[in-house]
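Chemist: kindly return the folded structure for what I paste below:
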Amino acid sequence: MSSRPLSKDVCGWREIVSLPELGVLHLQAKVDTGARTSSLHATDIELFERGGEEWARFTIDAVEDHHQIVEAPRVAHRMITSSNGESQERLIIKTELAMGNHSFRAEFSLADRSDMVFPMLIGRTSLRKRFLVDSARSFLLPDPLRSQDPIR
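Modeler: Numbers count the residues shown, from 1 in each chain. Down below sits the predicted model:
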């Protein structure tokens, strides 16, 4: 019995992505197959209740000199081990991720990534069954939502 391989887009080690539900467009992200969970730079995180559900309000510093306050439903709290080996409990949200011609729901841990080069990291759970990664190349996917203006 032969199985036909699924067709997957090839992405580079960094790509331009968007989080349309949060109003964050044209954001540079690092693609990291070593990380299970995707991560988003967030500060001033506060929890509140809306409609009987717990939500998070936080600030995204997605573009230099641009701070954006956004809200998203809280999905969970999880222990996440960072690249330096330290574990910390992080808030997890789920939102739409637009990456190339793909748009899908993805989970993000909220973390202070101010000491990192990229405000967003795309982990392997988001990549699975959708993308192959060419670690020697960058910006292989078309800019998602290219008809919309970038945030500034």
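Chemist: so how far is Thr37 from Arg57?
Modeler: For Arg57, the distance to Thr37 (Cβ to Cβ, to the nearest Å) stands at 21 Å. Placement of C-beta: from N, CA and C, glycine included.
Chemist: tell me which of these two has more neighbours.
Modeler: Higher neighbour count among Arg57 and Thr37: Thr37, with 20 against 15, using other Cβ atoms under 10 Å.
Chemist: pLDDT score for the more buried one?
Modeler: At Thr37, the predicted lDDT confidence score is 94.
Chemist: can you count the residues close to the nearest residue to Thr33 once chain neighbours are set aside?
Modeler: In space, and not counting its chain neighbours, Thr33 is closest to Arg124: 4.9 Å by Cβ to Cβ, 6 or more residues apart in numbering. Number of residues near Arg124 (other Cβ under 10 Å) recorded here: 16.
Chemist: distance between stretch 102-121 and the chain's centre?
Modeler: Offset of stretch 102-121 from its chain centre (Cα atoms, centre = their mean, to the nearest Å): 4 Å.
Chemist: tell me which residues in that stretch are buried?
Modeler: 102, 106-111, 113, 118-121 (16 or more other Cβ atoms under 10 Å).
Chemist: Lys94: which of these is nearest?
Modeler: Relative to Lys94, the closest of these is Glu107; by Cβ to Cβ it sits at 5.1 Å.
Chemist: does the closest one really touch Pro73, like I thought?
Modeler: No - at 11.5 Å, Glu107 does not count as touching Pro73 under the criterion of Cβ atoms under 8 Å.
Chemist: check contacts around the residue nearest to Leu19 when sequence neighbours are not counted.
Modeler: Spatially, and ignoring its direct neighbours in sequence, Leu19 is nearest to Thr95 (5.6 Å; Cβ to Cβ, 6+ apart). By Cβ atoms under 8 Å, 6 or more residues apart in numbering, Thr95 lies in contact with 19, 21-22, 72, 105-106, 108.
Chemist: state the distance from Thr95 to Arg74.
Modeler: Taking Cβ to Cβ, one finds Thr95 at 11 Å from Arg74.
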